[in-house]
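Asks: I'd like to go over a predicted model; first the sequence, then the structure.
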Amino acid sequence: MNYDLDKIRSIPIPDIAKRLGLEFNRQNKARCIRPEQHKNGDSDPSLSYDPKRNILHCFVCDLTLDTIEVVKQIKRCDFKESCKYIIDNFHIAPAKPKSKPQLKETKLSLQDEMRGVNFNKYLIANFDDLKNGGKIPACWTLKTIEDLQIGFDRSIDCITYLYFNEKCETINIHWHKKRSIPGHGGNVLYPMQALDKIYSKDRLLIFAEGKKDTVSLISLGFQAVTSTTGAGSIPKDLSLLSGFKKVLIVYDHDEAGKTGAEKLAQRLKYLYPGMTVCIHNWADDKPAGYDVTDYFSNGGNKNVFKQMLKYAEPFECQGLTEIKPTNNIEFPGQTLIELMENDEPAPTPIISRGLLDPNSILMITGAPKVGKSILAANLALSLVAGKNWFDFEISKPYSVAYFQAEMKSYRVRKRFKSMLLNEYNPMESLFITNPITFNILDENYFKSLEKFLIGTDVLIIDPFINYHQKNENDNSEMQEVMSQFRRLVNNLNLSIIIIHHNRKSVETSGGSNARGASSIFGSLDGLIEMRRKNDLINIHFDLRYDGAPDEMQVKLNPSSLWFERIDEHLIQDSNKRILELVNNSDTGILKSKLTKILSTEFSKSENTTRKWINDLVKIGVIGSDGSKRNPTLFTLNRNSEKCLF
């Protein structure tokens, strides 16, 4: 059955709750359905109804319920049974079946399509000159250029590729390693038209890392395909690969290529267990980044290449296949001497200094409204961009799935839009859910989540309470929940960041402040605790295996929604410099000029330095002429430095 979730969630909760025996008082409050998490059994009702949002919220145990969750919690049933109960009792018609979602496959405008055609015509007309000039690979053939409609934009000296959908309609132009048509990005298979109409599923299919390598292989008579966004991500829809008997992955000779090939192989084996999937590894003496096109451009032979591919071993999917017991059970390990002689390097951390290692669980805790979700969003963008978070190194881009239960999509869009104005561009490798809750211990949900997350590096859960239905104060029950998250880590070779609340009225910093049973903290590899101090946030670190980094102080920039590190000496130095510049100007100084001077001298963004100035204006240390756009600033007190410090 297709559920019309909008209609289901529009039924007023009191109407549903009364049928289930939950009574409301005149203040629209009811007793919490989790009295075990209240000291007095919730004798004084704390479950409040918000009619505008049509939700119930308990301000003691922080439980939030919509219509579906109310039925699930009271009747102890699953999602489908809850929906069916509401549909049957409130006579809601089933939703119409939805068509299969498309991945940004909007057809190009006629104008853009003609641009692609003209690029192709130029490449065909100048094929020999461009090949001789090294503008295109030497192994490419004119027939392949014509068949795939590859072009060349002479205005920027760049190869262009046309993307097609299954209907052979043009859906994008991509300039090699540069850009796409706005609104037509997305990760799809290339060349899709060949996969669907031309290739034989009985022949070997080579999955290359990029379009250039794919075209090189097709030019030499191989069946080849790639994804349009590189080794780091996998298209969600791989259905066109169904039926191929053997797929050989030939990615670049670097760490990203190796990791990406293994993720793709794991995804293919999970989706198509009968498919033979192999990975080709280049010889160790090849330079970093060496690829298919390099091989053939440097005189590589097609027949020798075929022989090389024969040595690729079939990939065995680890973790996702059931391990059946046998009579000969093995216990892997080694002697201490073997361990000491093993010089295998440690895996590269996802976030340096032990904060987030591969296959680990990190928790972010703090009081309500301290900014945990914003900090998690900052981290997510840093991870997908491969850019450092404060002085924690992030060595490369990672794919991130952000599961959140509290914000509507338009609010998520508004939040990330503010953050992206900073210096990061939106990326396909960050997936953010609409509000969703489920029980991680429900095996159906777990298997679906496991399948969805194949190829993901980091999963963010926000907040913890919405993804289980156990008593947080029960050690054994919380151990069961955390073990399920650890199972996800081990099965998929990913890392998890969990957002959780602190206990009330905590005095000291540390992992023991996390709300609930001690087994929660005991199951973690790392913890970030956020504690408010006036308008600043103290961030404390707890790590299982490494010495914890020093505590640091941050402040939220309200314009960019990025937390910025606060250094007390920096604040004092910047305040002194502002007063010095203002005092030395007899007629005052324009705010824009002062902002730029500070930005240059302190190597901070203008948003940050502008806020420094605003703080001093707000407390009356410096004055303003009142102009809204670009006020002139002047000193109010020549002894203001003494007053301030």
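Replies: Everything's here; your move.

Asks: which residues touch residue 334?
Replies: residue 342 (Cβ atoms under 8 Å, 6 or more residues apart in numbering). Glycine gets a C-beta too; all of them are placed from N, C-alpha and C.

Asks: Which element, helix or strand, includes residue 120?
Replies: helix 110-125 (DSSP states H and E).

Asks: tell me which strands and helices that helix is in contact with?
Replies: helix 142-148, strand 151-153, strand 158-164, strand 170-175 (3 or more Cβ pairs under 8 Å, 6 or more residues apart in numbering; DSSP states H and E).

Asks: neighbouring contacts of the very next helix or strand once past it?
Replies: The helix or strand immediately downstream of helix 110-125 is helix 127-132, counting by DSSP H and E. With Cβ under 8 Å, 6+ apart as the test, helix 127-132 has contacts from 123, 136, 137, 138, 140, 142, 145, 152.

Asks: How about the second one, nearest residue that isn't a chain neighbour?
Replies: In this case it means residue 136. Spatially, and ignoring its direct neighbours in sequence, residue 136 is nearest to residue 130 (5.1 Å; Cβ to Cβ, 6 or more residues apart in numbering).

Asks: So what's the residue count around that neighbour?
Replies: 19 (other Cβ atoms under 10 Å).

Asks: And it, how close does it get to residue 18?
Replies: 75 Å (Cβ to Cβ, to the nearest Å).

Asks: quick one: the helix holding residue 120 to chain centroid distance?
Replies: 35 Å (Cα atoms, centre = their mean, to the nearest Å).

Asks: what does it contact?
Replies: 108, 130, 136, 142, 145-146, 149-154, 159-160, 162, 170, 173, 181.

Asks: The same query, at a cut-off of 7 Å, please.
Replies: The contact list for helix 110-125, computed with Cβ atoms under 7 Å, 6 or more residues apart in numbering, reads 130, 142, 145-146, 149-154, 160, 162, 170, 173, 181.

Asks: Could you do stretch 392-406 as well?
Replies: With Cβ under 7 Å, 6+ apart, stretch 392-406 has contacts from 232-233, 256, 348, 350-353, 355, 380, 382-388, 429-433, 435-437, 453, 455-463, 466.

Asks: what about that stretch, start to end distance?
Replies: Stretch 392-406 stretches 28 Å from its first residue to its last (Cα to Cα, to the nearest Å).

Asks: pLDDT averaged over it - what is it?
Replies: Averaging pLDDT along stretch 392-406 gives 91.

Asks: now swap in stretch 448-466 and tell me
Replies: 91.

Asks: same question, stretch 23-37
Replies: Stretch 23-37 comes out at a mean pLDDT of 79.

Asks: Endpoint to endpoint, that stretch covers what distance?
Replies: Per Cα to Cα, the first residue of stretch 23-37 is 19 Å away from its last.

Asks: Now that stretch: buried residues?
Replies: 24, 29, 30, 31, 32, 33, 34, 37 (16 or more other Cβ atoms under 10 Å).

Asks: quick check, nearest of those to residue 619?
Replies: Nearest to residue 619 among the buried residues of stretch 23-37: residue 29, at 41.1 Å, using Cβ to Cβ.

Asks: The closest one contacts residue 48, correct?
Replies: Yes - in this structure residue 29 lies within contact range of residue 48 using Cβ atoms under 7 Å: 5.3 Å.

Asks: For residue 149, see how far away the residue nearest to residue 136 is.
Replies: 16 Å.

Asks: Kindly report the same for residue 120.
Replies: For residue 120 relative to residue 149 (Cβ to Cβ), the value is 5 Å.

Asks: beta partners for the residue most central in space within the chain?
Replies: Nearest to the geometric centre of the chain sits residue 400, at 2.4 Å (Cα atoms, centre = their mean). For residue 400, the beta-bridge partners under DSSP bridges are residue 430, residue 458.

Asks: now residue 207
Replies: The partner residues for residue 207, given DSSP bridges, come to residue 225, residue 249.

Asks: separation between it and residue 265?
Replies: 9 Å.

Asks: same question, residue 120
Replies: Taking Cβ to Cβ, one finds residue 120 at 34 Å from residue 265.

Asks: Stretch 610-629: which residues count as buried?
Replies: 610, 611, 612, 613, 616, 617, 621, 622, 623, 624.

Asks: Quick check on the second one: phi, psi?
Replies: If I follow you right, that is residue 611. Residue 611 has phi and psi values of phi -70, psi -40 when expressed as degrees, to the nearest 10.

Asks: So the nearest residue to residue 445 once chain neighbours are set aside versus residue 591, what's the distance?
Replies: Nearest residue to residue 445 in three dimensions, chain neighbours excluded: residue 438, at 4.5 Å (Cβ to Cβ, 6+ apart). Using Cβ to Cβ, we find residue 438 at a distance of 50 Å from residue 591.

Asks: What of residue 75?
Replies: Residue 75 is 60 Å from residue 591, by Cβ to Cβ.

Asks: who has more neighbours, those two?
Replies: residue 591 (20 against 12).

Asks: Report pLDDT for the closest residue to the more buried one other than its chain neighbours.
Replies: Of all residues not flanking residue 591 in the chain, residue 631 sits nearest, at 5.2 Å (Cβ to Cβ, 6+ apart). The per-residue pLDDT reported for residue 631 equals 88.

Asks: burial of residue 631, as a residue count?
Replies: Residue 631 has 17 neighbours, counted by other Cβ under 10 Å.

Asks: Next one: residue 208 from residue 270, what distance?
Replies: 21 Å.

Asks: So between the two, which is more surrounded?
Replies: Each of residue 208 and residue 270 has its neighbours counted (other Cβ under 10 Å); residue 208 has more, 27 against 17.

Asks: So, low pLDDT: which residues of the stretch 501-645 of the chain?
Replies: Low-confidence segments of the stretch 501-645 of the chain (pLDDT under 70): 505-511, 568-569, 636-645.

Asks: Who is residue 501 paired with across the strands?
Replies: Counting by DSSP bridges, residue 501 forms beta bridges with residue 366.

Asks: got the contact list for it?
Replies: Counted by Cβ under 7 Å, 6+ apart, residue 501 has contacts 62, 365, 368, 463, 515.

Asks: redo that, cut-off 10 Å
Replies: Residues in contact with residue 501, defined by Cβ atoms under 10 Å, 6 or more residues apart in numbering, are 61-62, 365-368, 370, 372, 463-465, 472, 513-516.

Asks: Of those residues, just say which sits nearest to residue 493.
Replies: Relative to residue 493, and with distances defined as Cβ to Cβ, the nearest of the contacts of residue 501 is residue 464, at 21.9 Å.

Asks: separation between residue 389 and residue 420?
Replies: 16 Å.

Asks: between the two, who's got more neighbours?
Replies: Higher neighbour count among residue 389 and residue 420: residue 389, with 18 against 15, using other Cβ under 10 Å.

Asks: Cool, thanks, talk later.
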